[in-house]
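In: Starting from these lines, generate the structure:
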Amino acid sequence: MSGQTKGQPASTRTVTATVPAQPSGPSDETTPAASAVDDEPAVHTAATDAGSTLAGRYRLRAKLGSEPAAGAEFWTAEDTVLRRDVAVTLLRRLAPDPDADDPEGTARAGEMIVRALRTGSFEHHGAARLLDVLAPGGASLPPDVLGAAVSEWCGGRGLAEVLADGMIRPLTAARMVEPLADAAAAAHRHGLVLGCDHPQRVRISSDGRAQLTFVLARPDVTPDDDVRGLGAVLYALLTGRWPLSNADAARAGMPAADRRVSGDPDGRVVPPSEVRPGVPVALDAVVLGALARDGDGSSTQRVRTAAAVHRMLAEIVSEDDKNALFPPVHDGLPPEPGDVWQDSSRRKPPADRDRRRKLMIGLGVLAVGVVVVLGYLGLVLGSVFGDSSGAPKIVVNAPAATGGAVAGGAGPPQPQAATSAVAAAGVEVYDTTDDPDNAGRISRVIDGNPQTSWRTYAYRQQFPVLKPGIGIMVSFASAVQLSNLTINSPSDGTVVQIRSAPSADSDFNDTVPIADATLTSGITPISLAQSQPVQHVLIWITRLGNDNGQNMTEINEVTFQRAGV
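Out: Down below sits the predicted model:
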């Protein structure tokens, strides 16, 4: 397969081999019982592992999960041609079963690849963009791999990782799932399905969006499965438990949801509000309605479409925005330090007696120091104004005895305005062509670790031939008066323009230039002394550095200094 360069359109898709004809009917492979992992199809012993390269281009890095019902594994990988991170859904060859209609899963893989090709033009911020499809039978695939799909890597964390940090506020969970529901609704309008009913296919981005990251859904997945998947993701974020397949829950490192009838894996789940007090009734209705099945004996009104799920979540979020000026309903979690509304009834922690004792000792030492200083000043003043003829006179503004400096030349040095470091609240790649460079790595420029870095794609031609430029949009929690910023970069010769922006997604014409600089290898300080208070700062790269004949810029760290008051 020939490598895609940055001179090609962003929407170009590459297929490495001819796709075989679609099977006349669905595979006879059935989805395993929710609680039985042993009944799943046996996967061919893997020879392809971390470090292996697919199609001479995609180097596998780390396996993040699997879905044996689809014969799929989920990997992070590196596109060695464009030097960017990608997500790979890899289809393994099944262990041969002579009694099966599809002994090694070849027909199943072909059907999944055909489905993936139909989604090539679908793009939505709630689902990772499909970049490449590697078809079954391709000469560039290892023998144990039947096919693969490559999608953009948007970073973020898996559901289990997010929930490991503690419970999420119910309305925050609703905001997370809304973009995913919108993506599912858009896909269904185009006759497509996402396959978001598996916990390891969905990740939470750095800006708090649930996003389908790994594609190639099972051949038998339907829009109804997507609706139930939306309910399952929301249920998991609200309760920390996965309500669909128990086997999938175990693979994702999450406990299975409790059921109304114990031991019934297909039975109705316990409502989120009973698992965790404080979940609004409206969210209970969305979750239970999306998870409901026809004929399950539930009195819950079933939510049948992804568009309905999205509409209900959008209304809940909108209502919460309208009520922002009123005290929130208690949701079982203490207020965050930055929340406007705090709990005045909350008991203060008991006084630390040891800390009090240390404080008293410190105050005593300080008092002794003050007495000593005052005594010394008294002696000095006495020697100046006293009538002591034999005492040496203290001469004010006398020339320095050493060093050759001339007294009275420039006067005493003026105090410098104090500055302090200010931490960024968020960062993202700013691109005017909808093709952001290595968006999954951008958080590395503000992580405080100069050993990690973000870099642009490698371009064959210098800006602005293929792009007018590429930028880093840094946002702060509130407007701040900056004195300077520093950029740690090995890309000598990179030209940047610092611009202020009214919002993180502002049109480029609405941004205002503040300063210009050419980076040198190492740390480059840039003064922002003439700027106004700003909440969003755009570092706009107008000329790339040179790396072994390729036009590319790498940035290790960006730090900001707040102007002193």
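In: residue ranges with poor pLDDT in the stretch 401-550 of the chain?
Out: The model of the stretch 401-550 of the chain has pLDDT under 70 over residues 401-419.
In: And the chain, by the same measure?
Out: 1-46, 138-139, 262-265, 296-300, 323-358, 380-419, 565.
In: need the contact list for the residue nearest the centre of it.
Out: Geometric centre of the chain, nearest residue: Ser206, 2.1 Å, by C-alpha atoms, centre = their mean. Residues near Ser206 by C-beta atoms under 8 Å, 6 or more residues apart in numbering: 155-156, 426, 428, 443. All C-beta spots, glycine's among them, are computed from the backbone N, C-alpha and C.
In: Now it: phi and psi?
Out: phi -60, psi -20 (degrees, to the nearest 10).
In: now swap in Ala50 and tell me
Out: Dihedral angles for Ala50 - degrees, to the nearest 10 - are phi -50, psi 130.
In: contacting residues around it?
Out: By C-beta under 8 Å, 6+ apart, the neighbours of Ala50 are 60-63.
In: which parts of stretch 281-290 are buried?
Out: For stretch 281-290, the neighbour count (16 or more other C-beta atoms under 10 Å) marks 282-290 as buried.
In: Next step: those residues restricted to helices.
Out: Those of the buried residues of stretch 281-290 mapping onto helices are 282-290, per DSSP state H.
In: of all these, which two lie farthest apart?
Out: Greatest spacing in these, by C-beta to C-beta: Ala282 and Ala290 (12.8 Å).
In: so which of the buried residues of stretch 281-290 comes closest to Val371?
Out: For those, the nearest to Val371 is Leu283 (64.3 Å; C-beta to C-beta).
In: list the contacts for the residue nearest to that closest one when sequence neighbours are not counted?
Out: Once flanking residues are discounted, Leu283 sits nearest to Pro170: 5.6 Å by C-beta to C-beta, 6 or more residues apart in numbering. Residues near Pro170 by C-beta under 8 Å, 6+ apart: 238, 278-280, 283, 331.
In: From Ala282, how far off is Pro170?
Out: 9 Å (C-beta to C-beta, to the nearest Å).
In: okay, the ones in helices among the buried residues of stretch 281-290 in TSV with distance to Val177 next?
Out: Output for these, formatted as TSV (distance: C-beta to C-beta, whole Å):
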residue	distance to Val177
Ala282	13
Leu283	10
Asp284	14
Ala285	14
Val286	9
Val287	10
Leu288	15
Gly289	14
Ala290	10
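In: Out of those residues, the closest to Trp75 would be?
Out: Distances from Trp75 to those, taken by C-beta to C-beta, are shortest for Ala290, at 29.2 Å.
In: List the contacts of the closest one.
Out: 227-228, 230-232, 234, 303, 309.
In: Report the two of these separated the most.
Out: In those, the most distant members under the criterion C-beta to C-beta are Ala232 and Val303, with 12.8 Å between them.
In: In terms of packing, which of those two has more residues around it?
Out: Between Ala232 and Val303, counted using other C-beta atoms under 10 Å, the more crowded position is Ala232 (29 against 23).
In: Tell me the helices and strands packed up against the helix or strand the more buried one falls within.
Out: Element membership of Ala232, judged by DSSP states H and E, is helix 223-239. Other helices and strands packing on helix 223-239, by 3 or more C-beta pairs under 8 Å, 6 or more residues apart in numbering; DSSP states H and E, are helix 159-164, helix 170-189, helix 272-275, helix 281-291, helix 306-322.
In: out of those, deepest packed?
Out: helix 170-189 (a mean of 23; mean count of other C-beta atoms under 10 Å).
In: now that one against helix 306-322, angle please.
Out: Computed with axes from the mean of the first three to the mean of the last three C-alpha atoms, to 10 degrees, the direction of helix 170-189 lies at 150 degrees from that of helix 306-322.
In: a markdown table please, covering the contacts of Ala290 and showing distance to Pro464.
Out: Listed next are the contacts of Ala290 as a markdown table, based on distance: C-beta to C-beta, whole Å:
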| residue | distance to Pro464 |
| --- | --- |
| Val227 | 45 |
| Arg228 | 47 |
| Leu230 | 41 |
| Gly231 | 47 |
| Ala232 | 46 |
| Leu234 | 44 |
| Val303 | 48 |
| Val309 | 42 |
